[in-house]
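>>> Dropping the sequence and predicted coords here.
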Amino acid sequence: MSKAAIILAAGAGTRMKSVLPKVLHKVAGLPLLGHVIGALRAAGVDRITVVTSPSGDSVRDYARAMGCQSAIQHQQLGTGHAAASAKDALADFDGTLVIVNGDMPLVTPATITECLEAQTRTGLALLTFEPADALQYGRVLLTPDGFLNRIVEYKDASESERGVMLCNAGLYAADARKFFHWASLLKNENAQKEYYLTDVPALAKMDGVKCAIAVADEVSVMGVNSRVELADAEARFQDRKRAALLKDGVTMTAPGTVFFAHDTAIENDVEIEPFVVFGAGVRVGSGARIRSHSHLEGASVASGAIIGPFARLRPGAKIGEGAHIGNFVEVKNTVIGAGAKANHLTYLGDATVGAGANIGAGTITCNYDGFTKALTEIGAGAFIGSDTALVAPVKIGDGAITAAGSVITQDVAADALAIARGQQTEKAGWAKTFRDKKQREKK
Ligand code: UD1
Ligand code: MG
């Protein structure tokens, strides 16, 4: 059966103290909302509607860019009212609906699937969890036969109800048509004068529909309401990613010092030394070694390559098999051929470097004139002498050599030597004469 989802993302997010809407704050480089969308898609939910506030243009733009619809909740009257605001957007939908808070970045496809499976038992299901500290989560009261009796919001709960440790995770699955019917019956007679989504199961019960319970682990359902919780979610994401990579055969001597993005893809037998940071969009092939203090973003590293220590790979860096990128080398939008080496103090931007080429220390591609970027092409087996400035656009042929300290402004033919530096002259005894004169003047 087809599945759709409503993501609730119209709340004010006041506790973030930010001009940026809460769901656009990032964990591992991806907005909270992006994590929820990704998990829903992986759980087979193809149609997603994001409920936003009237001022939430940036959230609507993001939702659209991620292939989702959006709906507007004109006044923030509570989570039940928010979910009901998606009714028109889903008017033509007939199937199973997932309703989920937008502030749950660690939610997994498996967790969503469990709730969907529980829903098939009765027609309505709620995801619950038992946190170590139940804080202000809604409390879940069960019937003797293990179905939901009702949910009590913390602010409405009695002392004994607050003692219940089973909590509402904020993820529901229901038949769409029935859900919108129940949501239309919600009342706001509670401590916060809000239309609570949590009252839907009680309305379903009156229709003879029991609410089944799925149970999640605490980490998967943690909500982000403040910067402290954002930092906590980031730390837990990183721990989860490190554990997954170690399990998949990646070596890390100090995993706690290595930071990944949401989409970092690393094959087995890669070795990552301490203090490495991966920005978004990085792939590393089997057997490569990423040495300490390197920063990689939007880059691919082929098998057997060695990166760092202290290397920076920027978007569009494609490092070939067995190539070496050493200390204080920055590579941007550049393809480095197999076995090529740039080991020291170099900037390679908007360039191609052929297989086996050697880039000497201090080489700079002068790729930018303040207005446009230009290309540098370095052939296979070329040898770029130390401190060469390559003024782009320029081509260095296969096997060519540039002399150290050259400023190369014209193309160099294959196998040629290009020297472009001042001629050296020598004045015998000049230094001594100079020193003697200065010493005399000092007296
Ligand atoms: C909610 C649940 C609580 C549960 C907890 C899990 C209700 C009434 N309470 O509480 O039982 O334990 O989540 O994290 O549902 N939102 C709107 N419009 C609104 C209000 C909220 O779109 O008018 C959105 C928010 O952007 C957020 C989500 O709904 O993504 C949940 O709202 P939030 O205020 O965080 O609810 P909690 O107090 O966490
Ligand atoms: Mg919340």
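Yep, it's here. Ligands and ions are numbered 1, 2, ... in the order given.
>>> All the helices of this protein, residue numbers only.
Ranges of helices in the chain, per DSSP state H, are 32-42, 57-65, 79-84, 109-122, 159-162, 176-184, 200-206, 227-247, 430-442.
>>> does ligand 1 sit close to the shortest one?
No - among the residues of helix 159-162, none lie within reach of ligand 1 under CB under 6 Å from any ligand atom; the closest is 12.3 Å away. The way it works is simple: take the backbone N, C-alpha and C, and place the C-beta from them, glycine included.
>>> quick one: contacts of that helix?
The contact list for helix 159-162, computed with CB atoms under 8 Å, 6 or more residues apart in numbering, reads 134, 139, 141, 152, 154.
>>> If we use 7 Å, what do you get?
139, 152, 154 (CB atoms under 7 Å, 6 or more residues apart in numbering).
>>> List the buried residues for it?
By neighbour count on 16 or more other CB atoms under 10 Å, the buried set for helix 159-162 is empty.
>>> Check the first one too.
Buried residues in helix 32-42, counting neighbours by 16+ other CB under 10 Å, are found at 32, 33, 34, 35, 36, 37, 38, 39, 40, 41.
>>> touching ligand 1 at all, that helix?
No - Helix 32-42 is not in contact with ligand 1 by CB under 6 Å from any ligand atom; minimum separation 8.7 Å.
>>> Identify the residues contacting that helix?
5, 7, 9, 22-25, 27, 48, 50, 59, 62, 66, 68, 98, 100, 102-105, 107-109, 112, 224.
>>> any idea how far residue 223 is from residue 152?
18 Å (CB to CB, to the nearest Å).
>>> Same check on residue 174?
Taking CB to CB, one finds residue 174 at 20 Å from residue 223.
>>> same check, this time on residue 441
77 Å.
>>> How about residue 397?
60 Å.
>>> again, but for residue 241
20 Å.
>>> ditto for residue 203
24 Å.
>>> try residue 425
Residue 425 is 73 Å from residue 223, by CB to CB.
>>> These two: who's more crowded?
Counted by other CB atoms under 10 Å, residue 425 and residue 223 do not tie: residue 223 has more neighbours, with 19 against 5.
>>> so who does that one touch?
101, 103, 104, 170.
>>> Residue 127: which of those is nearest?
In terms of CB to CB, no member of those lies closer to residue 127 than residue 170, at 7.5 Å.
>>> what's near enough to touch that closest one?
100, 101, 104, 223.
>>> Equivalent analysis for residue 285, please.
If you count contacts by CB under 7 Å, 6+ apart, then residue 285 has 267, 301, 302, 303 around it.
>>> How many neighbouring residues does the third one have?
Yep, that's residue 302 we're talking about. Neighbours of residue 302 using other CB under 10 Å come to 19.
>>> got it, and the second one?
For residue 301, the neighbour count with other CB under 10 Å is 28.
>>> beta partners for it?
Beta-bridge partners recorded for residue 301 (DSSP bridges): residue 284, residue 319.
>>> measure it to residue 270 for me?
Counting by CB to CB - residue 301 and residue 270 are separated by 8 Å.
>>> what's the overlap in contacts for these two?
What both residue 301 and residue 270 touch, as defined by CB under 7 Å, 6+ apart, is the set 284, 288.
>>> sorry, back to before: intersect the contacts of residue 170 with the contacts of ligand 1.
Answer for the contacts of residue 170 near ligand 1 (CB under 6 Å from any ligand atom): 101, 223.
>>> is it possible to export the contacts of residue 170 to JSON lines including pLDDT and distance to residue 14?
Converted to JSON lines, the contacts of residue 170 look like this (pLDDT from 0 to 100; distance: CB to CB, whole Å):
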{"residue": "100", "pLDDT": "98", "distance to residue 14": "21"}
{"residue": "101", "pLDDT": "96", "distance to residue 14": "16"}
{"residue": "104", "pLDDT": "97", "distance to residue 14": "18"}
{"residue": "223", "pLDDT": "92", "distance to residue 14": "14"}
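>>> so which of the contacts of residue 170 comes closest to residue 314?
residue 104 (32.0 Å).
>>> and that closest one, what is it in contact with?
Applying CB under 7 Å, 6+ apart, the residues near residue 104 are 36, 170, 221, 223.
>>> which bits of the chain sit near ligand 1?
So far as CB under 6 Å from any ligand atom goes, the chain lies against ligand 1 at 8-11, 51, 73, 76-79, 81-82, 101-103, 137-138, 151, 153, 167-170, 196-198, 223, 225.
>>> Can you mark which positions in stretch 254-269 are buried?
255, 257, 258, 259, 260, 261, 262, 264, 266, 267.
>>> Farthest pair within those?
Farthest pair in those, by CB to CB: 257 and 267, 20.8 Å.
>>> need the contact list for the residue of the stretch 51-200 of the chain found nearest ligand 1.
With CB to the nearest ligand atom as the measure, residue 138 is the residue of the stretch 51-200 of the chain nearest to ligand 1, at 2.3 Å. Counting by CB under 7 Å, 6+ apart, residue 138 makes contact with 151, 152, 153, 154, 167, 168, 198.
>>> what about residue 191, how many neighbours?
Count around residue 191 with other CB under 10 Å applied: 11.
>>> And the strands in the stretch 201-350 of the chain, which stretches?
212-215, 251-252, 265-266, 271-272, 277-278, 283-284, 289-290, 295-296, 300-301, 306-307, 312-313, 318-319, 324-336, 341-353 (DSSP state E, counting those that start in this stretch).
>>> With that, I have no additional questions.
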